[in-house]
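> Kindly return the folded structure for what I paste below:
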Amino acid sequence: MPKNIPSVPIYISLLGLWSDMGQDEIYDRWLREPLEKYGAVKIWFAGRWSILMTRPEFLSDMLKREDVFSKAGSQKKIPWSVVASLVGDNIINSHGEDWKLYTSIMKPGLQKTNFDSRPILDKSRKFVNLLLNEQATIGKPKGVLVNPIIQRFAIAAMGESFLDIDFETLEHPNMRIEELQSIIKRTLFKPLYFNFPILDKYPHIFKSRITAFAIMKEFEDLLYHQVRTNPRKLARKAPIEPQDELVVHMMERALENGTITDEQFRANLKIVFLTAHENTQQLLNSAFWKLGSDQTIQDKLRAEVLATGVNDPTGETLNKLPYLTSVVCELLRVYPPVSQLINRVTLEPTSLAGKVHIPKGVFVGWNAPGVHSDPAAWGPTAREFIPERWGDKTDEILAKARRETVRGRYIAFNAYSRKCLGQGYALLEMKMALFELIRRTKWTVDPQYELKLTSGGILAPLGCKVVFENIETSSEKP
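The predicted structure is shown next:
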């Protein structure tokens, strides 16, 4: 391991065993100073010492050299583990020929430029209805616990846009496919097993791991069954036009003609389901917190939305709104859902920008809040939420996001050859949900709620409660 960067004490990775400190508290207390000084540290992660970086020049160097810093997820690092049984070998964490195969099949469906915005608008309307109905039920001044309803929305929208299925999670609470997501999150991020995955080899000793493996299998089998026996698919008489194909259609065709195995189909089906709903879910949690805490931002955004005079926005409508775009970009900068990722391994001895020398076989990764809040990259206001920093024209805002991504200063969607293929959909869904929320409601954070961020894994406020006011002026009720 490199000797010119410090090691973070191993107990920092185990704080969750006895502490409920949020990721922001942990980072500020133990990680910020060494990472801003050295740009990288050695850290205990998933049962081994790894390298965590935040300096943009190091990130850019790593992300550009896929041939040296190879993607290697849990299926390679800890193949016996519960998390590996969940994600398998998929388009996100694979490398080489497998990654090329998955990409050739799935990329057109994940990177569509013509996502149908109508199902997302429909689900957004039902989402807002549920929030307002819940507020009416509990009454003011009590706040609505938003995350459970956000999760139902995110799964419903994802199902329509990627899997051609209506999971009916907005119409029916406690659908098993949705319930399992909450159980999986609680199971995966237990600090003891997350940091010592070797324990997953001994489920006969650690009995809870038997249940954990069973939960992952139940989710896989249920998702597979619902997709393969989708009533919508079985009732379809005419073939789908090529321009209307979703990623699931491409995957099923590859499965049926033998291009991929059943195991590969299942793994990629799960990763689409998980990533295409989870990131938007947590970013919406952050949006409720931030915009509910700062009415100035919410009011400015509402003025832009209402000025359109539109009740049925399309993707084209949303993409013409610069402040909406800048708010989403700033949410991703300050509250990146994928806060830390260590899923690359060195295939040969190498270095980061010629400064940190790394042996072969070392796992490396990055901490996004650290990258995004470093004054060296973002100036003295790096830790402040300022949407205006992105510009006041949509093209200018998106160009800045691309530019900062290439420079390694903005990694909300990764970068270079392994950038997130679903970022276009994520931005569309986020804008659509915010448009509908802003158009129809005004919200404030429950005065009794105190911000607490998640302690590990996905970054988001925990247990955020929001008080809603219905401000819709249209006579047409969705």
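
> and Ser50, what is it in contact with?
With CB atoms under 8 Å, 6 or more residues apart in numbering as the criterion, the residues that contact Ser50 are 42-44, 342, 362-365. Where you see a C-beta, it was placed from the backbone N, CA and C, and this is true even at glycine.

> repeat for Pro337
Residues in contact with Pro337 (CB under 8 Å, 6+ apart) are 278-279, 282-283, 286, 458-460.

> Next: Ala72.
Going by CB under 8 Å, 6+ apart, Ala72 touches 93, 95, 343-345, 363.

> just Phe45 next, same as before
Under the contact definition (CB under 8 Å, 6+ apart), the residues listed for Phe45 are 13, 52, 195, 342, 363, 365.

> thinking again about what came up before, tell me the most packed of the contacts of Ala72, by neighbour count.
In terms of neighbours by other CB atoms under 10 Å, the contacts of Ala72 top out with Arg344 at 26 neighbours.

> what about that residue, distance to Glu97?
According to CB to CB, to the nearest Å, Arg344 and Glu97 sit 18 Å apart.

> So, low pLDDT: which residues of the stretch 101-250 of the chain?
For the stretch 101-250 of the chain, not a single residue meets the criterion pLDDT under 70.

> And the helices in it?
Using DSSP state H, counting those that start in this stretch, the helices assigned to the stretch 101-250 of the chain run over residues 117-138, 147-158, 176-188, 191-195, 208-228, 231-235, 247-256.

> looking at those, which is buried most?
Among the helices of the stretch 101-250 of the chain, the stretch with the highest mean neighbour count (mean count of other CB atoms under 10 Å) is helix 147-158, at a mean of 24.

> Cross-check the contact I'm expecting between Lys404 and Ala412.
No Lys there; residue 404 is Glu. No: applying CB atoms under 8 Å, one finds Glu404 not in contact with Ala412, separated by 9.5 Å.

> rewinding a little: from the contacts of Ser50, which single one is nearest Leu291?
Of all the contacts of Ser50, Gly365 has the smallest distance to Leu291: 30.1 Å, by CB to CB.

> give me phi/psi at that closest one?
Backbone dihedrals for Gly365, given as degrees, to the nearest 10, come out at phi -170, psi -170.

> One more: the one 10 residues further on?
Torsion angles at Pro375 (phi, psi; degrees, to the nearest 10) stand at phi -60, psi -30.

> ok so, going back, nearest to Thr211 among the contacts of Ala72?
After measuring the contacts of Ala72 against Thr211 - CB to CB - the closest member comes out as Asn93, at 24.6 Å.

> Quick check: the gap between the closest one and Leu269.
Using CB to CB, one obtains 15 Å as the distance from Asn93 to Leu269.

> before we move on, back to that, what's the most distant pair in the contacts of Pro337?
Glu278 and Ser286 (13.0 Å).

> can you give me the end-to-end distance of stretch 455-467?
End-to-end distance for stretch 455-467: 25 Å, by CA to CA, to the nearest Å.

> Flag every buried residue along that stretch.
The neighbour-count criterion (16 or more other CB atoms under 10 Å) identifies 455-461, 464-467 as the buried residues of stretch 455-467.

> the inter-axis angle of the top helix by length along the chain versus helix 147-158?
In the chain, taking DSSP state H as the definition, the longest helix is helix 262-293. Helix 262-293 and helix 147-158 meet at an angle of 130 degrees, taking axes from the mean of the first three to the mean of the last three CA atoms, to 10 degrees as the criterion.

> quick one, strands of the stretch 301-450 of the chain?
Applying DSSP state E, counting those that start in this stretch to the stretch 301-450 of the chain gives strands spanning 340-346, 350-352, 356-358, 363-367, 441-445.

> Deepest in the core, which of the ones you listed is it.
For these, the largest average neighbour count (mean count of other CB under 10 Å) is found in strand 363-367, namely a mean of 23.

> Quick check: of the contacts of Ala72, which lies closest to Ala376?
Minimum separation from Ala376 among the contacts of Ala72 (CB to CB) is found for Arg344, which lies at 23.0 Å.

> my guess is that closest one meets Val364, correct?
Yes: under the criterion of CB under 8 Å, Arg344 makes contact with Val364 at 5.2 Å.

> just to revisit the earlier point, higher neighbour count, Glu404 and Ala412?
In this comparison of Glu404 against Ala412, neighbours counted by other CB under 10 Å, the higher total goes to Ala412 at 26 against 22.

> Near the residue lying closest to the more buried one once chain neighbours are set aside, how many other residues are there?
With CB to CB, 6 or more residues apart in numbering as the criterion, Ala412 has its nearest non-adjacent residue at 3.8 Å, and that residue is Leu332. Leu332 is flanked by 25 other residues according to other CB under 10 Å.

> How about Glu97?
For Glu97, the count of nearby residues is 8 (other CB under 10 Å).

> So for Arg344 and Val364, which residues contact both of them?
Contact with both Arg344 and Val364 is made by residues 62, 69, according to CB under 8 Å, 6+ apart.

> if you skip the residues just before and after it, what's nearest to Glu278?
For Glu278, ignoring the flanking residues on the chain, the nearest one in space by CB to CB, 6+ apart is Ile458 at 6.3 Å.

> And for Phe273?
Nearest residue to Phe273 in three dimensions, chain neighbours excluded: Leu223, at 5.9 Å (CB to CB, 6+ apart).

> I'd say that neighbour and Leu269 touch.
Yes: with contacts counted by CB under 8 Å, Leu223 reaches Leu269, the gap being 6.1 Å.

> Look at the residue nearest to Ala412 and report its pLDDT.
Here the pLDDT value assigned to Leu332 is 97.

> show me the contacts for it.
When the contact criterion is CB under 8 Å, 6+ apart, the partners of Leu332 are 283, 412-413.

> Repeat that for Lys190.
The contact partners of Lys190, by CB under 8 Å, 6+ apart, come to Gly16.

> if we can go back for a sec, tell me which two in the contacts of Phe45 are the farthest apart.
When the contacts of Phe45 are compared pair by pair using CB to CB, the two farthest from each other are Asn195 and Gly365, 14.7 Å apart.

> need the contact list for Ser60.
For Ser60, the contact set (CB under 8 Å, 6+ apart) comprises 406-408, 415.

> Name the helix or strand for it, please.
Element membership of Ser60 [criterion: DSSP states H and E] is helix 56-64.

> Return that helix as PDB; C-alpha atoms alone will do.
Taking Å, rounded to 0.1, in the frame of the first residue of the first chain, the C-alpha atoms of helix 56-64 are listed here in PDB:
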ATOM      1  CA  PRO A  56     -10.100  15.600  -8.800                       C
ATOM      2  CA  GLU A  57      -6.800  14.900 -10.600                       C
ATOM      3  CA  PHE A  58      -6.700  11.500  -8.900                       C
ATOM      4  CA  LEU A  59     -10.300  10.700  -9.800                       C
ATOM      5  CA  SER A  60      -9.900  11.800 -13.400                       C
ATOM      6  CA  ASP A  61      -6.800   9.700 -13.800                       C
ATOM      7  CA  MET A  62      -8.600   6.600 -12.300                       C
ATOM      8  CA  LEU A  63     -11.800   7.000 -14.300                       C
ATOM      9  CA  LYS A  64     -10.000   7.500 -17.600                       C
END
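
> sec struct for Trp49, please.
Assigned by DSSP: H, G, I helix; E, B strand; the rest coil, the conformation of Trp49 is strand.

> hang on, isn't it packed against Ile43?
Yes: here Trp49 lies in contact with Ile43, judged by CB under 8 Å, at a distance of 7.3 Å.
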